[in-house]
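In: Predicted model and sequence follow; I will ask about them next.
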There are 2 protein chains.
Amino acid sequence: MARIIQKYGGTSVGDVERIKNVANRIKAVRDQGNELVVVVSARAGVTNELIARAKAINPMPSEREMDQLLAVGEQETIALTAMALHGIGVPAKSYTGAQAGITTDTVHTKAKIKTINAKALEKDLKAGNVIIVAGFQGIDEEGHTTTLGRGGSDLTGIALAAAIKADKCEIYTDVDGVYTADPRVVKDARKLAEISYDEMLELASSGSKVMQSRSVEFAAKYGVVFEVRSSFNNNPGTIVKAEVASMEKVLVRGVAVDKDQAKVVVSNIVDKPGSAARVFRALSDAHVNVDMIVQNVGRAGVANLTFTVPQTEMKKAVLALEPALKEIGGGQVTVTEQIAKLSVVGVGMKTHSGVAATLFQSLAETEINIELISTSEIKISVVIGLEKADEAARVVHAAFKLNQL
Amino acid sequence: MARIIQKYGGTSVGDVERIKNVANRIKAVRDQGNELVVVVSARAGVTNELIARAKAINPMPSEREMDQLLAVGEQETIALTAMALHGIGVPAKSYTGAQAGITTDTVHTKAKIKTINAKALEKDLKAGNVIIVAGFQGIDEEGHTTTLGRGGSDLTGIALAAAIKADKCEIYTDVDGVYTADPRVVKDARKLAEISYDEMLELASSGSKVMQSRSVEFAAKYGVVFEVRSSFNNNPGTIVKAEVASMEKVLVRGVAVDKDQAKVVVSNIVDKPGSAARVFRALSDAHVNVDMIVQNVGRAGVANLTFTVPQTEMKKAVLALEPALKEIGGGQVTVTEQIAKLSVVGVGMKTHSGVAATLFQSLAETEINIELISTSEIKISVVIGLEKADEAARVVHAAFKLNQL
C-alpha cells in the first residue's frame, strides 16, 4: 500500500465527462490498495469567467475579494469529483483549502503556504476515504480566503505530499511530461524521463508552461519527488527529483521560450548609490516579479536600468516606478512587449564550458539579434525579438543535438 | 445612525447590472450614516446550474458534497457585491458563512443555525466597512460546509439581525411585500402594511412563496422585526412583527395556495398502538417534512393514514415508509401529486367563529371538492384538486372581502 497524491489540472476536470474519467483513474489506483489524496483545479475556463465577471463590475477589483471569488472554482470541482467517485462506489470526501488546514500568509492572490494541519484529512483518509482537496487556495490566520497564484494547485499537491509524507506525487496535466523544447514549435523535441529540481526550476522560470517555479522550489526544499504526466493517457511522464551524478553527462537538458515577458528600460537615472535599490524596492513592494536585470552606466552620472517583468505585471510595474523615480529625481520609462526570452538549461553546464559560445553562435548564424543576456550556474537566457522566437528555439535545439538521446 | 441588515435574493443580484444596482442602494443607505450588513443569495439560476451539473455526475449526490458545491453560489455573489461597492467608493468586505461565524448543526442541506460568533464581522463593521455576508451557508463544529435549505438566506439575515442587535432588518425580494393573495392569480389582492409573525408563519407554511417558515419562526423567537420589500422600487413593503391588538380586528389576513405538495395515503395499516408513531418516526428520521395528517379507522383493526409532504420529498418519503411498514406488518402506499392546499390565515380567527363555515360554503358554491381539512388557531387549510386551485383562491378571497381595506 502506498500513499499517493494526484493533482489534476483544469483541462483534466474540464467537464462532466472528464471529471468522471478522473474518477475512474482514481478508482483504479485505489483498487490496488493505495491511499489517495487528490488535488483538483477549477474546471478549465471557470477562473477566466469569474475574472471577466469581476472586471465587468469593477475594472480594478480588490485582491481580497478576487481571492474570495476565485476560490469558488476549485470548490465546485472538489464536490463534483467526490460525487463522481461516490457514483462508482468509492468513498470520498471533499476538502476546501481551509478545511484541509492549509494556512497561508495574507498576500492575497499570491499567498505563500505557512503550515498545513492535515489532522482532519488524515482521519478521513485512514477511514478509507479518497480525499479531494481544492487546489490553489488556503486561509490566512484570520480566516480570510487566500489563493496561491498561478500554478497554485501544483503547489497544493506538492505541499500536501510533504505534509502527509506521501510515497508518490503525480501531477496530471494536459502534456505528457517535460520535453527538450515545446513540441508544437520544435517537431523533434523529446520527452525527458527525468530531470533535476534545478533544471525544472530554470525551465519553469524560463517560460516552459509545464509548472510554475514556486511549486518546484517547494518540492526541492522538502525533497518531494514528483512525476509530471498526462491525465488523457497512461504514458509514463517525467520524474522530477534531486540531481544525480548521471544527469551531469548531459550538457543541455532543454530549451524554453517565454513570450509573456515585457522589457522595461528606465533611462537617465541619476547614477548615485541607492538609485537602483530604490527602483527595485518599489517593484518588490508592489509584488512585481522582476526577472532579468542589466544596468549600463551611460554618459557621466546617468545610468540606464533594463529589466524584464511578466506582461501581466507591466502596468503595476510602471505605476510602482513613478513615485520611486520622483524620489530619485528623474528617469524615463520605456516598455517593449514584443520580446521573447529563450533559455537553455542543464546541470551539465556547471562542469562544462562552451555552452554560451554554442548558443550565441547558433543565433548569430541565423541573424537573430540578442538584446539582453543573463546567466545562472545551469542556465543561459537571452532576450530576442518576439517574431524570431520559434525559429530560435528550433536552431538552438538542433545546435545542442537535443533530438538525440 | 442605525444598524441595518439588508438581505437581497437571487433575482436582486441576478447579473452584473443588478449587483451594481444593489450596490447603489446600499451606498444610499450608508451615506445617511448607517451601519450596514448585507446578506446576499446566489445569482438567480446559479444554484440550479450547480444542481444540474451535480446530477449529471451522480443522480443521487451526497448531501455533504451538495452543500460544499452549493455554497459556491453565494460566495461568488459576496465577492462581486463587495467589488461593486469598492467601485463606487464604499469600503466593503465579503464574508462567507464560515467567516461570519455562523455555526450550524450537521444536517447537510437543511442545517440549523446554532450560534453566530460575529466578533470579526463587528470589528470590520466598526472600522467603517459594509459587510457582505453569504446567505444560506454555515459550517458545523468540525468545519464541514453546511447549507440552511430553501429560504436559507432570509434566515441568515434574520439570525444576523438578532446576533448583532440590528435596528432594522430588510428582506429584499422580487415582490413588493405580502399580499392578501397571489396578485398574479387574484387581481384585486392587496399589499398588507403589516402582519404578525404567526400570520406570516401560517402563510409561509401554506405556500405563500414570500418567505420560508423557519426564517419567520426564528424572527418570532428572537423578536426580530423585519420588512419584506422589493429591490426594484422604493415602495414600502410589509412589516412583520409581534401581534398587536389592532390586528385582531381583521378576521382573515390572506389566502395562500400551495401547489407543491403531494398527498400520501398509507392504507390498511394494522391499527395497533404505535403504528402511526412508527410511520411518522420513519419520516422524521428521513428528514421528510410532513404537513397535514388525517387518520381514519376503517374496517375492524385496519387504519388509513393520509398526509401531505412537499413533492420534492415524496420519493424520500416512500423510501422511508418501506421498512417501517414491513416492521408494522403491511400497508399500501398511494401517492397523488395533483393536489393543492388552500389556506386562510388571520389572528382574528382566534376570537371569531364562522371562518370555517364561510370557507367551506364558498368552495361548495363553486363545486370545489374538499379532500382534507386541517386547522390551527389562526389558519384553516383544505386540500383540493390542483386544477381548481386558482379559481378557489379568487372565490375565497372575495368571500372574505380581502380586496377591501
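Out: Nice, I can see it.

In: ok, now which ones touch the closest residue to residue A:269 other than its chain neighbours?
Out: On the basis of C-beta to C-beta, 6 or more residues apart in numbering or on different chains, the spatially nearest residue to residue A:269 that is not a chain neighbour turns out to be residue A:331, at 4.1 Å. Every C-beta, even on glycine, is put in place using the N, C-alpha and C of the backbone. Residues near residue A:331 by C-beta atoms under 8 Å, 6 or more residues apart in numbering or on different chains: A:266-270, A:321, A:325.

In: and those as a markdown table, adding neighbour count, secondary structure and pLDDT?
Out: Converted to a markdown table, the contacts of residue A:331 look like this (neighbours: other C-beta atoms under 10 Å in any protein chain shown; DSSP: H, G, I helix; E, B strand; the rest coil; pLDDT from 0 to 100):
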| residue | neighbour count | secondary structure | pLDDT |
| --- | --- | --- | --- |
| A:266 | 22 | strand | 91 |
| A:267 | 16 | strand | 89 |
| A:268 | 15 | strand | 87 |
| A:269 | 25 | strand | 86 |
| A:270 | 13 | strand | 81 |
| A:321 | 22 | helix | 94 |
| A:325 | 21 | helix | 91 |
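
In: just curious, which of these is nearest to residue A:381?
Out: residue A:266 (20.1 Å; C-beta to C-beta).

In: hey, what's that closest one bridged with?
Out: residue A:305, residue A:333 (DSSP bridges).

In: if I look at it, how far off is chain B?
Out: Separation of residue A:266 from chain B (C-beta to the nearest C-beta, to the nearest Å): 31 Å.

In: Pull the contacting residues for that residue.
Out: A:279, A:304-306, A:321, A:325, A:331-333.

In: what's the first-to-last distance across stretch A:333-347?
Out: 36 Å (C-alpha to C-alpha, to the nearest Å).

In: before we move on, back to that, just flag the most distant two among the contacts of residue A:266.
Out: A:306 and A:325 (14.9 Å).

In: Correct me if wrong: residue A:50 contacts residue A:68.
Out: No. Assessed by C-beta atoms under 8 Å, residue A:50 is found out of contact with residue A:68, at 10.5 Å.

In: Looking at these two, which one has more neighbours?
Out: residue A:68 (29 against 20; other C-beta atoms under 10 Å in any protein chain shown).

In: what's the closest non-adjacent residue to the more buried one?
Out: With C-beta to C-beta, 6+ apart, the residue lying closest to residue A:68 is residue B:79, at 4.2 Å.

In: what about the one you found, distance to residue A:53?
Out: 9 Å (C-beta to C-beta, to the nearest Å).

In: For residue A:393, see how far away residue A:370 is.
Out: 14 Å.

In: which bits of chain A sit near chain B?
Out: A:16, A:19-20, A:50, A:53-54, A:56-58, A:61-62, A:64-66, A:68-69, A:71-72, A:75-76, A:78-80, A:82-84, A:86-87, A:93-94, A:96, A:98-99, A:120, A:142-145 (C-beta under 8 Å from any C-beta of the partner chain).

In: Now, of those, which are buried?
Out: A:16, A:19-20, A:50, A:53-54, A:56-58, A:61-62, A:64-66, A:68-69, A:71-72, A:75-76, A:78-80, A:82-84, A:86-87, A:93-94, A:96, A:98-99, A:120, A:144-145 (16 or more other C-beta atoms under 10 Å in any protein chain shown).

In: Could you pick out the longest helix of chain A?
Out: helix A:63-87 (DSSP state H).

In: quick one: contacts for the closest residue to residue A:371 other than its chain neighbours?
Out: Excluding the flanking residues, the one nearest residue A:371 by C-beta to C-beta, 6+ apart is residue A:383, at 4.5 Å. Residues in contact with residue A:383 (C-beta under 8 Å, 6+ apart) are A:261, A:263, A:292, A:308, A:339-341, A:370-373.

In: All set, thanks.
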